[in-house]
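> here is a sequence together with a model predicted from it:
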Amino acid sequence: MGLPIAGGRGEGFCDFVSRAFAFEKAAAWKRGIQDYAPEFRRAIRDPRRWGMAKSIMMEGLSRGYDLSTEEGIDRWFRTKQAEQVAEIRAERGLAPGGAMSLRNRLRRAIGLAPAQDASGAREQDTRRLVIGDLAGAEVVTFPRSPHTA
């Protein structure tokens, strides 16, 4: 697969600058573009050089989605997002369709969600929320409420 658009547009720009502005370096620019073209072609095909957007789009193309229309892109993005959500839920041990409240997700993220043993019984969490100044000012602690299980 050639890259007539990328190379052709760059070379066309150099021709324009040379004619319109009598810019003498335009010919050197054009030779540079032509000299670099093979390396450029290799580089843009290398997935290690792709950003996040190109990686996602190329994955969609490789999986057969038609990304030439808005509907095709939307279909691919919905599929990709659903797969990512399922993967996150599997990593966190959440059952498909099971949801954790925002409050409990936040508590779990900061380590305040109560742990469960193998029998499902909740262990008592004796940690306290601490609010204070790291410079050594007064520290205020709040005991856990029995209602925050």
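That came through, no problem. Numbers count the residues shown, from 1 in each chain.

> so what does the strand or helix carrying residue 20 touch, helix or strand wise?
Residue 20 is located in helix 4-21, with elements delineated by DSSP states H and E. Applying 3 or more Cβ pairs under 8 Å, 6 or more residues apart in numbering; DSSP states H and E, one finds that helix 4-21 contacts helix 26-44. C-beta: built from backbone N, CA, C; applies to glycine.

> give me the angle between the helix holding residue 20 and helix 26-44.
160 degrees (axes from the mean of the first three to the mean of the last three Cα atoms, to 10 degrees).

> quick one, helices of this structure?
For the chain, the helices defined by DSSP state H cover 4-21, 26-44, 52-62, 70-92, 102-109.

> need those helices in CSV (columns: mean pLDDT).
Converted to CSV, the helices of the chain look like this (pLDDT from 0 to 100):
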stretch, mean pLDDT
helix 4-21, 79
helix 26-44, 87
helix 52-62, 92
helix 70-92, 89
helix 102-109, 73
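
> and the ones you listed as CSV, adding mean neighbour count?
As requested, these are exported to CSV (neighbours: other Cβ atoms under 10 Å):
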stretch, mean neighbour count
helix 4-21, 13
helix 26-44, 13
helix 52-62, 12
helix 70-92, 12
helix 102-109, 12
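
> what does the helix holding residue 20 contact?
Helix 4-21 is contacted by residues 23-24, 26-27, 29-30, 33-34, 37, 40, 44 when judged by Cβ atoms under 8 Å, 6 or more residues apart in numbering.
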